[in-house]
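> model this:
(one chain, ligands or ions: 1)
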Amino acid sequence: MSKVMIIGAGGVGGVVAHKCAQVAEVFDEIVIASRTQSKCDAIAAQLSRPVTTAKVDADNVPELVELLNIEKPELVINVALPYQDLTIMDACLEAGVHYMDTANYEPLDTAKFEYKWQWAYQEKFEKAGLTALLGSGFDPGATNMFTAYIAKHYLDEIHYLDIIDVNGGDHGHPFATNFNPEINIREVSAECRHWENGEFVTTQPMSESKQFECPEGVGTYHIYRMYHEELESLTKHYPTIKKAQFWMSFSENYLKHLEVLVNVGMTGIEPIEFEGKEIVPLQFLKALLPEPSTLGPRTKGKTCIGCIVKGLKDGEEKTYYIYNICDHQECYQEVQSQAISYTTGVPAMIGAKMILENKWKKPGVWNIEQLDPDPFMEDMNKYGLPWKVVEL
Ligand code: NDP
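I've put the predicted structure just below:
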């Protein structure tokens with residue numbers, strides 16, 4: 001039985017709180033802390049058992065340490081924004097608390113996802129006897145586990161990896177993002193990078209696309225190649241991979257809006273002066289767009305996220321597709337959230353459970369695929385994200 005602190009009270013934070021509250025035998029006590037305490041209180045009011053809430057600025061290490069010393073959780077689940085990863089890791093080291101997150105650190109002034117900043121904490125966490133688990137959402141997270149599971153049970157060597165993230169859901173807004181708009185738009189407007197023959201190859205954003213037919217009648221969608229952070233850790237930890245690509249589905253409507261917003265400069269992250277005040281165009285745009293946590297009741301349809309993994313088994317070439325399908329409305333019925341936050345929040349709860357149950361407690365900084373996928377995959381089936389493997 002353990003106490004956890006969830007930092008961040010957005011779409012994902014809400015799901016993590018619901019799922020932790022459902023597993024009382026592991027998550028004995030729950031604290032939800034974020035910049036705006038009323039959002040923590042609103043989540044707390046939805047839960048079936050009492051939790052504590054607190055206000056914290058996660059950019060401020062002394063403030064975080066003070067709260068951690070008062071509450072004394074065993075683990076922090078960081079579902080604030082990627083900008084806060086390092087300050088929360090610093091505070092965890094100072095207060096002697098285990099750490100986990102769902103997205104890698106990104107500096108506020110450069111749209112650049114890289115693990116180097118967090119990997120640099122390896123020795124500090126090891127010396128402190130603390131575990132830091134990186135990327136325990138869906139992608140990264142479940143997709144890394146899918147790859148690790150196929151590597152462990154189905155193939156001797158992985159050669160090709162395609163991670164395919166299809167959101168077949170519709171929220172009815174002309175333009176909205178399914179998770180934090182700032183992070184989402186930074187991600188999709190960035191240059192594309194994929195792994196090929198030992199190096200990352202850079203191409204124009206959204207320049208490569210194809211049709212993909214999802215299984216079980218979810219439908220056929222246009223998917224676009226883009227860079228995603230798990231490509232960096234997976235190609236490092238599976239050096240036999242010759243080519244690794246990440247694909248995501250986008251509607252014509254989303255892309256049309258995004259193109260205009262990029263062209264007029266609304267997605268810029270450099271501050272500009274407006275009527276005597278400095279504003280960041282992308283942060284202003286975020287203020288205009290619907291909050292992802294409000295999309296739950298309106299989103300209908302399914303997500304289908306998985307990995308196509310090709311490689312060798314006993315000298316023979318084999319290809320497997322491992323995936324999960326998740327229904328937006330079913331998620332809403334269960335935890336009052338759409339499937340994007342749900343598919344992120346459930347693996348975050350499971351990653352935390354793995355640490356607290358000592359299955360993954362190991363001093364140091366770990367990408368999720370470095371840990372045993374079996375207990376995690378078992379819990380995916382148990383806690384709302386069942387998966388299937390098919391041979392193609
Ligand atoms: P939201 O914008 O809905 O929520 C972010 C929360 O963090 C808000 O409650 C916000 O507070 C809080 N926050 C921001 N800055 C601070 C700060 N300085 N101090 C304290 N709290 C802060 O985002 P999501 O819930 O959609 O996403 C959460 C995280 O999950 C992100 O890092 C995102 O990248 C990641 N993610 C990962 C996915 C995966 O599959 N791996 C998929 C989707 C998301 P306030 O309300 O006051 O702004």
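> Neighbours of the residue nearest to Pro140 when sequence neighbours are not counted, how many?
Spatial nearest neighbour of Pro140, excluding adjacent residues (C-beta to C-beta, 6 or more residues apart in numbering): Glu230 at 3.8 Å. Every C-beta, even on glycine, is put in place using the N, C-alpha and C of the backbone. For Glu230, the count of nearby residues is 27 (other C-beta atoms under 10 Å).
> ok, Glu230 touching Gly137?
No. At 9.8 Å, Glu230 does not count as touching Gly137 under the criterion of C-beta atoms under 8 Å.
> ok so, going back, residues contacting the residue nearest to Pro140?
For Glu230, the contact set (C-beta atoms under 8 Å, 6 or more residues apart in numbering) comprises Gly135, Asp139, Pro140, Thr143, Asn144, Ile163, Phe246.
> give me phi/psi at Asn69?
Taking degrees, to the nearest 10, you get phi -70, psi -30 for the backbone angles of Asn69.
> Skipping adjacent residues, who's closest to it in space?
Ala95 (5.7 Å).
> again with Ile158
Using C-beta to C-beta, 6+ apart, the nearest residue to Ile158 is Gly311, at 4.3 Å.
> The helix or strand hosting that neighbour and the ligand, are they touching?
Taking DSSP states H and E as the criterion, Gly311 maps to strand 302-313. No. Applying C-beta under 6 Å from any ligand atom, one finds strand 302-313 separated from the ligand by no less than 8.6 Å.
> Tell me the residues of the chain that contact the ligand?
Within reach of the ligand by C-beta under 6 Å from any ligand atom, the chain has these residues: 8-13, 34-36, 39, 56-59, 79-82, 84, 102-103, 137-141, 179-180, 183, 292-293, 341, 344.
> State the number of residues packed around the residue of the stretch 101-250 of the chain found nearest the ligand.
Closest to the ligand within the stretch 101-250 of the chain is Gly137: 2.3 Å, counting by C-beta to the nearest ligand atom. Neighbourhood size, Gly137 [other C-beta under 10 Å]: 27.
> quick one: contacts for it?
By C-beta under 8 Å, 6+ apart, the residues touching Gly137 are Val12, Thr102, Ala103, Thr343, Thr344, Gly345, Pro347, Ala348.
> chain center to the helix or strand hosting the last one, what's the gap?
Ala348 is part of helix 339-356 when elements are defined by DSSP H and E. Counting by C-alpha atoms, centre = their mean, to the nearest Å, helix 339-356 is centred 9 Å from the centre of its parent chain.
> And stretch 141-151, by the same measure?
Computed by C-alpha atoms, centre = their mean, the chain-centroid distance of stretch 141-151 equals 14 Å.
> can you give me the helices for the stretch 51-200 of the chain?
61-71, 85-95, 116-119, 122-128, 142-153, 181-188 (DSSP state H, counting those that start in this stretch).
> That concludes my questions; thank you for your assistance.
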